[in-house]
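Trainee: fold the following, please.
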Amino acid sequence: MNNNKQQTAVEWLVNALDALEKQMEVAPKTTNYKSTRDSCINQAKELEKQQIIDACQQGFYDGIDVAKTKKSKFKSAQEYYNETFNK
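Mentor: Residues are numbered from 1 along each chain as shown. Presented below is the predicted three-dimensional model:
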C-alpha cells in the first residue's frame, strides 16, 4: 500500500491560505492578497482534478488486478482514501 500520504486539495488550499494570511501580517504592502488567493484557488482546483484522475486510474488498475488475481488492492473506496490521504 501507499506509505506516502498526500494532502487533499482542500487541505492544501487551507494551508496555502493560512500561509498567505501570515505573509499579510508580516508584509502587507508587498503581498497582493486577491491575486495570490486566486492563484492558490486555481492551484487547488488543478490538484483536485489530478487527484480525481489518479483515483479513476487506480480504480481501472484495481479492476484489472481483480480480473487477473481475484484480489483487489483496496477493499473499498474508503480504504483507498485512508491509505492515500489520512495521516
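Trainee: let me know the outermost residue of this structure.
Mentor: Ranked by distance from the centre of the chain (CA atoms, centre = their mean), the top residue is Lys29, with 30.9 Å.
Trainee: can you give me the distance of that one to Gln23?
Mentor: Distance of Lys29 to Gln23, computed by CB to CB, to the nearest Å: 11 Å. Just so you know, the C-beta spots here come from the backbone N, C-alpha and C atoms, and that holds for glycine as well.
Trainee: same deal with Ile53?
Mentor: 31 Å.
Trainee: who has more neighbours out of those two?
Mentor: Gln23 (14 against 10; other CB atoms under 10 Å).
Trainee: report all helices and strands that the helix or strand hosting that one contacts.
Mentor: If you go by DSSP states H and E, Gln23 is part of helix 9-26. Judged by 3 or more CB pairs under 8 Å, 6 or more residues apart in numbering; DSSP states H and E, helix 9-26 is in contact with helix 33-69.
Trainee: what's the angle between the very next helix or strand once past the helix it packs on and helix 9-26?
Mentor: Heading C-terminal from helix 33-69, the first helix or strand you meet, by DSSP H and E, is helix 77-85. Relative orientation of helix 77-85 and helix 9-26, computed by axes from the mean of the first three to the mean of the last three CA atoms, to 10 degrees: 40 degrees.
Trainee: quick one: contacts of helix 77-85?
Mentor: Met1, Asn2, Lys5, Gln6, Gln7, Thr8, Glu11, Ala55, Gln58, Phe74 (CB atoms under 8 Å, 6 or more residues apart in numbering).
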